[in-house]
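Asks: Curious how this folds, go ahead:
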Amino acid sequence: QVQLVESGGGLVQTGGSLRLSCAMSGGTLSSFNIAWFRQAPGKQREFVAGITWDDGKRYSGDSVKARFTISRDNAKNTVNLQMNSLEPEDTAVYYCAGTTQYRSNYPSHYAYWGQGTQVAVSS
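Replies: Numbering: from 1, shown residues only. All right, here's what the predicted structure looks like:
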């Protein structure tokens, strides 16, 4: 059974950085399109960034472009999200998600989810 586990969340000041990791078990990460989503209290789940399984192409949401970078390490079966220049608006629970279908920005297209990791940015 495929499982995803996120780590690396925490509390950081405005302008700081965090690195989130998503580890997969029960499957081979290189066979999945992986994406990060986030959800703040009272808001819908929002697409953050994704990376494709075949060519490693990266794509990201407008609100984080140029600040967040997604990468994958197939040897370690992990996907990372480097978050720089963090802002209070980035405060949310961050989720890693996987799909064997075509890449997508929509949560409903992802079958596999981690439990989430909390990121809090203080002003």
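Asks: State the three-state secondary structure for the most centrally placed residue in the chain.
Replies: Compute the mean C-alpha point of the chain, and by Cα atoms, centre = their mean the closest residue is residue 36, 2.3 Å away. Secondary structure, DSSP: H, G, I helix; E, B strand; the rest coil: residue 36 is strand.
Asks: is it in a bridge, and if so with what?
Replies: Beta-bridge partners for residue 36, by DSSP bridges, are residue 49, residue 96.
Asks: That one: what's it in contact with?
Replies: 20, 22, 48-50, 70, 79, 81, 94-97 (Cβ atoms under 8 Å, 6 or more residues apart in numbering). Where C-beta positions appear, they are placed from N, C-alpha and C, glycine not excepted.
Asks: The residue with the largest distance to the centre of the chain and residue 87, how far apart?
Replies: Distance from the C-alpha centroid of the chain peaks at residue 123, with 22.7 Å (Cα atoms, centre = their mean). For residue 123, the distance to residue 87 equals 9 Å [Cβ to Cβ, to the nearest Å].
Asks: Report the set of residues contacting both of those two.
Replies: residue 14.
Asks: Could I get the CA-only coordinates of stretch 64-82 as CSV?
Replies: Below are the C-alpha coordinates for stretch 64-82, written out as CSV (Å, rounded to 0.1, in the frame of the first residue of the first chain):
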residue,chain,number,x,y,z
VAL,A,64,4.9,30.8,-4.6
LYS,A,65,6.6,31.0,-7.9
ALA,A,66,10.3,32.1,-7.5
ARG,A,67,10.2,31.5,-3.8
PHE,A,68,9.5,27.7,-3.5
THR,A,69,11.3,25.0,-5.4
ILE,A,70,10.3,21.4,-5.7
SER,A,71,12.8,18.6,-6.4
ARG,A,72,12.9,14.8,-6.3
ASP,A,73,15.5,12.3,-5.2
ASN,A,74,14.5,9.0,-6.8
ALA,A,75,17.3,7.2,-5.1
LYS,A,76,15.9,8.2,-1.7
ASN,A,77,12.3,8.0,-2.8
THR,A,78,11.6,11.5,-1.6
VAL,A,79,10.3,14.8,-2.9
ASN,A,80,11.4,18.0,-1.3
LEU,A,81,10.0,21.5,-1.2
GLN,A,82,12.4,24.3,-0.5
